[in-house]
Structures are given as structure tokens and as C-alpha cells.
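Asker: Please find the sequence and the predicted model below.
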Amino acid sequence: MREISVFSGTAHPELTAEICGHLGVPLQPATVRRFANDCLEVQLQSNCRERDVFLIQPLAAPVQEHLVELLLMLDAARGASAARVTAVIPHYAYARSDKKNMPRVSIGGRLVADLLVTAGASRVLTMTLHSPQVHGFFSVPVDHLHALREIADHFAGRDLGGTVVVSPDLGNAKAAAALARMLGLPVAAGAKERLSDDKVTITSIIGDVAGRDVIVLDDEIARGTTIIEILARLREHGAKSVRIACTHGLFCDGALKRIAAAPEVQEIVCTNSVAIPATEDSEKLHVISVAPALAEAIRRIHEGESVSALFHDQ
């Protein structure tokens, strides 16, 4: 079997180091240089020839910087005669740009997929795409993981009597229903309409939340506008307490502090798919590691085993 080589971009080296620890392989060195004209240069400082190469880089802020860095890493690995190059992208930021919803607007999710393949990606490993159909934008195999098992494990040891899982919108209701099944709980959903990037409205909640403890599940939290809105509706409907869970805790523009300030919010749970901004911190925040899941998926890809089998019991 070909040897495995794992490299990290600069977006989240701590996650890559943890993944390598679970795999029992060394993290291979790479350097990123910036020239006087602001161009980047990437050098993979370990042999890639005929190796199974994994490049780990979530597309987190600054997204464009980290995207170009990943493209250069892919090109470097392909140029170094790697046998196969897998782009491991725990957070695929452009999954929000999945359709032409206005005249003359770009479909960034598809364009970035094309760029990754053109740069040299033989395969992509990602987690909890905002729009699952982005999976189909790629012309190479994509392994799409989720963090529902890790989130369920976090809540499973608690007294969940009288608890309901709530999706902020109907688009995420399938994932909320899956989490509810894993925890043996009922599910409810909000009727959401997005008016702009920073404004949403939730007109009603479908399901019974009155007098209940609530677990709100979303795929990601950026500015937190959706969460703030669902908290207002839950308050109106008489929910008792709220715990919030998501895969990608982006927490932009003070979102974590605004959400944590709501007295009914008992806990905010996210994974380490992206590095939590240093400016964002709260006693209510609990970060779950997805390094074991990503490491197991990488091992299965490397050894030619089924990745989907990871979720057969869910």
C-alpha cells in the first residue's frame, strides 16, 4: 500500500495535528511565503511521489486567503507526482452559494469545486455542507460527513425528559429529525425566510415547544441572526430553556456574545471544524472535536474501505 502523507494549511493546524495523532502518522511540514507583490507561494517540504496525500484546510476566515493557499497546495502535490491528492475541507464556506437566486449572480459553490479539481484534487472529504446539493458540483468523488453522532453523544448523558429538537428552518429539518431519532426526542421546525445576509424572519414554529427544554440544531452559526430570531419565537411560544448546537461555529461579528447573553440559553455546542476566533469566548461554549471522525474517514479512504459505513447505524 502507498504511504500516507498529511499536510496542513494555515487555517487550522491544531485540528490537523489532532487528526495525525489519531492516525498515528507524522504531520508533514509545509511552508507558505508571501512575496512583496502579495502573492503566495506554498512548498510541501516532504516527499509526495506516489504517495496518498491528504491536504487539510477548512475554508474559514479569511476564506479567500485560505482557498488560494489550498489551491496552491493541491497544485504542489500534483506537481510532485502524488499518487492521489485528497482535499480535506472540514468547512466548505462556498456551500451557501449553490444557486442563481438573482440575475447575473455567480454560483460560487460550483466555481470553487471546479477550481479545486483543476488545481489537482483527486477526491474531497468535507463535513455538513450548508446545501447538500453542492456535493454534486464536483466531478471527483466526495465523502460528505456529518457531526450528528458527536452532537448526540454530547447530549445523550443528560436528562432529556420533556426536551424537543428544533430546526430553525425547514431546510435543516432532516438533520434535526435525525438527531431527534438518535436521542429519542420529538422534533419541531421554524418557518424561516431569509431577507438578506444579515436579516431573517421566522414567522412560526411547527411543533409543540411550550414548557419544554429545547435543543436548537443548525449547520453553522455565522452572524447568529437566525439563532437570535428562533430564540425570540421560542420565547413567544413558552419554551423553558434552550441549548444550541451546530457543526460550524464561525461566530462572526460578536455572534457568540449576543447569543450567550440570552438568559434562556444554557449551552452553545459546536465542533472544531474551524478554529474559534480568539475574540469569541463564553462560559456557555462547549467545543466538540471531530478529529476522530475525520481521522477514521481518512484511514478508510487510504485503505479503500467504505466511508458511508460509518453512518449505517444512524
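Answerer: Received, thanks.

Asker: backbone phi and psi for the residue nearest to residue 145 when sequence neighbours are not counted, please?
Answerer: Nearest non-adjacent residue to residue 145, counting by Cβ to Cβ, 6 or more residues apart in numbering: residue 127, 4.5 Å away. Where you see a C-beta, it was placed from the backbone N, CA and C, and this is true even at glycine. Per-residue torsions, residue 127: phi -140, psi 130 (degrees, to the nearest 10).

Asker: quick one: residue 127 and residue 91 touch, right?
Answerer: Yes - assessed by Cβ atoms under 8 Å, residue 127 is found in contact with residue 91 at 7.1 Å.

Asker: Buried ones in the longest helix along the chain, by neighbour count?
Answerer: Across the chain, the longest stretch assigned as helix under DSSP state H is helix 63-79. Judged by neighbour count (16 or more other Cβ atoms under 10 Å), helix 63-79 contains these buried residues: 65-74, 76-78.

Asker: Going by distance to residue 138, which of those residues wins?
Answerer: Proximity of the buried residues of helix 63-79 to residue 138 (Cβ to Cβ) peaks at residue 74, which lies at 13.2 Å.

Asker: Next up, the contacts around that closest one.
Answerer: Contact partners of residue 74, counting by Cβ atoms under 8 Å, 6 or more residues apart in numbering, are 55, 85, 87, 116, 119, 120, 121.

Asker: thinking again about what came up before, now the buried residues of helix 63-79 in JSON lines, with distance to residue 207 and pLDDT?
Answerer: Converted to JSON lines, the buried residues of helix 63-79 look like this (distance: Cβ to Cβ, whole Å; pLDDT from 0 to 100):
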{"residue": "65", "distance to residue 207": "41", "pLDDT": "97"}
{"residue": "66", "distance to residue 207": "38", "pLDDT": "98"}
{"residue": "67", "distance to residue 207": "38", "pLDDT": "98"}
{"residue": "68", "distance to residue 207": "44", "pLDDT": "98"}
{"residue": "69", "distance to residue 207": "43", "pLDDT": "98"}
{"residue": "70", "distance to residue 207": "40", "pLDDT": "98"}
{"residue": "71", "distance to residue 207": "43", "pLDDT": "98"}
{"residue": "72", "distance to residue 207": "47", "pLDDT": "98"}
{"residue": "73", "distance to residue 207": "45", "pLDDT": "98"}
{"residue": "74", "distance to residue 207": "44", "pLDDT": "98"}
{"residue": "76", "distance to residue 207": "50", "pLDDT": "98"}
{"residue": "77", "distance to residue 207": "48", "pLDDT": "98"}
{"residue": "78", "distance to residue 207": "49", "pLDDT": "97"}
